[in-house]
Structures are given as C-alpha cells and as structure tokens.
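**Q** sequence and predicted structure below; questions after.
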Amino acid sequence: MTKIKAGALYTLFQRIAKTFPGLKLKLKQAGMDDKPEDFIKKTFASAFYMTTGIVIAIFLVLAKFNVLKGFMFVFIPIIFVLMFMYMIKLPDLRISRKDKEISREILFAGRFLIIELESGVPLYNAMINVSKNFKIVGQYFKEITDKVDLGTSMEDALNEAVEFIPSNDMRKILWQIINSIRTGSDVARSLYSVMEQITKDQINEV
C-alpha cells in the first residue's frame, strides 16, 4: 500500500514537472543534478515545511490576541502555493548568480584565450591554460577538454557546453569558436569582434 502511494506521488510530481517544460535545462544550467520530478518533490517538501512553520507562528499570534483562529486555515493553501512558487525559482536564482560570476571573468578569460592562440598555442591547450588560470570560467573550459579527452570531438564538446552554460556572453564566445572550426577560419581573429561586443555590452550595463 505504501509503495502504491509513493508511486502515485511520484507520478504526480512527474506531471507537475511537465508543466515546467524548461525546468530540465534550467537545472542543468544551475549546476543541479536533480531530475525535474525529484526537484519538484524536494520543492514540495520545502514548501510544506515552510508553510507549516508560518501557520504555527500565525496561530500562536492569533491565540495570544484571542482572534478567530479557524479563519486562518482558509489561507493555508494560498501560503503553500506562494511558498512553492517561490522555491521553484531557485534554479533561476542560481543561474543568475552563475551568470554574474562568469561576467566578472569573461573579458579577462577571453583576452587570455586570444593571446594564447596568437602565440601559436593549439586551441585544446589554450583551453586547458584558461581552465588553470580562471576559477569560474575555467571550470567550463575544463569540462570541454575533459570530454575531448574521453573521445568527444572538439566541435561536439563545444556544442554540448553551449546548451548548458548559464551565460550569454560565454555562449557567444563558444559559438564563435564553433563557427571558426567549421569554416576553418582563424579562431583568434574571429574572437576579437565578439570580445569587443561583450565589452560594449558590459559598459552599457554599467
């Protein structure tokens, strides 16, 4: 009986997860390893505990002032929904934070990559050097080179990274590298225009 209930709940979480079609991608970009349905399950649990805490606190306040406490339970579903919708935004918050962290390094990392390539360093080795010299941006380049070490082609590894990196600026750089690989053009020269655009965009934001 317990297994049946657990299976029914998991099915419910799967159905709810389907109402958030972009959740799987957001979880990946946020660096969260949960499946969408598992994340929904955790979110439900967190929302339940937060709602319980809020309800108990309100109940104690109403009891102190001798106010009608039964009326409060009408708001329990509303409180739960609000808590759930707040918690479901956690991947978005993490993506935004990661994007800001990448933005602080991307100009320096991009210029470093250009200098490496202009010095005659092969693209693969240049990426390894970026991964060693930049804490935030470097970890994404390391993921790319690790996939190449496992037998994935450079182009495929870059394409996979583009999909899951939580930064438009870094995606622009990787897209430019991919286009250069496909056309056989000079990667360093192609990156110049992208870096100029990123620089202008960051100045405009400031």
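**A** Sure, I can see it.
**Q** low-confidence ranges in this protein?
**A** Filtered on pLDDT under 70, the chain yields the residue ranges 1-7, 62, 65-72.
**Q** quick one, helices of it?
**A** Remark: helices assigned in the chain by DSSP state H are 2-18, 23-29, 36-64, 76-87, 90-118, 123-133, 135-149, 154-164, 168-183, 187-205.
**Q** what packs against the last one?
**A** With contacts defined as 3 or more C-beta pairs under 8 Å, 6 or more residues apart in numbering; DSSP states H and E, the packing partners of helix 187-205 are helix 90-118, helix 168-183. For glycine as for every other residue, the C-beta is placed from the backbone atoms N, C-alpha and C.
**Q** show the contacting residues for the spatially most central residue of the chain.
**A** For the chain, Ala30 is the residue whose C-alpha lies nearest the centre (C-alpha atoms, centre = their mean; 2.2 Å). Contacts for Ala30 (C-beta atoms under 8 Å, 6 or more residues apart in numbering) come out as Leu90, Pro91, Asp92, Arg94, Ile95, Lys98, Pro166.
**Q** what about the last one, distance to Thr52?
**A** If you measure Pro166 against Thr52 using C-beta to C-beta, to the nearest Å, the figure is 33 Å.
**Q** again, but for the second one
**A** Computed as C-beta to C-beta, the Pro91 to Thr52 distance reads 24 Å.
**Q** which one's more surrounded, those two?
**A** Between Pro91 and Thr52, Pro91 has the larger neighbour count (other C-beta atoms under 10 Å), namely 23 against 14.
**Q** what's near enough to touch the more buried one?
**A** Residues in contact with Pro91 (C-beta under 8 Å, 6+ apart) are Leu23, Lys26, Leu27, Gln29, Ala30, Met32, Phe39.
**Q** which of these sits closest to Asp156?
**A** Lowest distance from Asp156 to the contacts of Pro91 (C-beta to C-beta) belongs to Gln29, with 18.8 Å.
**Q** the nearest residue to the closest one once chain neighbours are set aside: neighbour count?
**A** Closest residue in space to Gln29, ignoring its immediate chain neighbours: Pro166 at 4.1 Å, by C-beta to C-beta, 6 or more residues apart in numbering. Close neighbours of Pro166, defined as other C-beta under 10 Å, add up to 24.
**Q** hang on, isn't Pro166 packed against Glu101?
**A** No: Pro166 is beyond contact range of Glu101, at 9.3 Å (criterion: C-beta atoms under 8 Å).
**Q** just the buried ones out of the contacts of Ala30, please.
**A** For the contacts of Ala30, a burial check counting by 16 or more other C-beta atoms under 10 Å picks out Leu90, Pro91, Arg94, Ile95, Lys98, Pro166.
**Q** of those residues, closest to Tyr192?
**A** Nearest member of the buried ones among the contacts of Ala30 to Tyr192, counting by C-beta to C-beta, is Pro166, at 24.5 Å.
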